[in-house]
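In: Could you work out the structure for the sequence below:
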Amino acid sequence: MQKNLHTQDQLLLRELLVESRIAAKLTQVELAEKLQWEQTHVSRVERGVRRLDVLELRRWVGALGMSLPDFIEKFEHRLEANTPPRLAIKR
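Out: Numbers count the residues shown, from 1 in each chain. Below is the predicted model:
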């Protein structure tokens, strides 16, 4: 299976990651510090240059004060709503 970083589902995931970070009132720098990552790593994920594995996603949402099940529930609702992402699709 091809791992495309720019599918609608991936865009919705990135959008929710960014929205969740902003709702937690964290900058990319602050999130990176909590994760003990470089800020550029956070930026690459949010821009769709790099994907997160499930363990990284768990750490990411935990740093935002969320549980992975709560984040996944929000993501599933977004997928089920079939609303197009607001992020632009890169070609």
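
In: which stretch of helix or strand covers the residue nearest the centre of the chain?
Out: By C-alpha atoms, centre = their mean, the chain has its centre lying nearest to Leu17, at 2.9 Å. Taking DSSP states H and E as the criterion, Leu17 maps to helix 8-23.

In: angle of the following helix or strand past that helix against helix 8-23?
Out: Using DSSP H and E, the helix or strand that directly follows helix 8-23 along the chain is helix 28-35. Counting by axes from the mean of the first three to the mean of the last three C-alpha atoms, to 10 degrees, helix 28-35 lies at 90 degrees to helix 8-23.

In: gap between helix 28-35 and the chain center?
Out: Counting by C-alpha atoms, centre = their mean, to the nearest Å, helix 28-35 is centred 14 Å from the centre of its parent chain.

In: what does stretch 28-45 give?
Out: Centroid separation between stretch 28-45 and its chain, computed with C-alpha atoms, centre = their mean, is 12 Å.

In: then that stretch to PDB, C-alphas only?
Out: Output in PDB follows, covering the C-alpha atoms of stretch 28-45 (Å, rounded to 0.1, in the frame of the first residue of the first chain):
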ATOM      1  CA  GLN A  28       5.400  24.500  17.600                       C
ATOM      2  CA  VAL A  29       8.400  25.300  19.700                       C
ATOM      3  CA  GLU A  30       6.600  24.600  22.900                       C
ATOM      4  CA  LEU A  31       5.200  21.300  21.600                       C
ATOM      5  CA  ALA A  32       8.600  20.300  20.400                       C
ATOM      6  CA  GLU A  33      10.100  21.100  23.800                       C
ATOM      7  CA  LYS A  34       7.500  18.900  25.500                       C
ATOM      8  CA  LEU A  35       8.300  16.100  23.000                       C
ATOM      9  CA  GLN A  36      12.000  16.700  23.200                       C
ATOM     10  CA  TRP A  37      12.100  17.100  19.500                       C
ATOM     11  CA  GLU A  38      13.400  19.800  17.200                       C
ATOM     12  CA  GLN A  39      10.800  22.400  16.200                       C
ATOM     13  CA  THR A  40      11.500  21.500  12.600                       C
ATOM     14  CA  HIS A  41      10.200  18.000  13.300                       C
ATOM     15  CA  VAL A  42       6.900  19.300  14.500                       C
ATOM     16  CA  SER A  43       6.700  21.600  11.400                       C
ATOM     17  CA  ARG A  44       7.400  18.700   9.000                       C
ATOM     18  CA  VAL A  45       4.600  16.700  10.500                       C
END
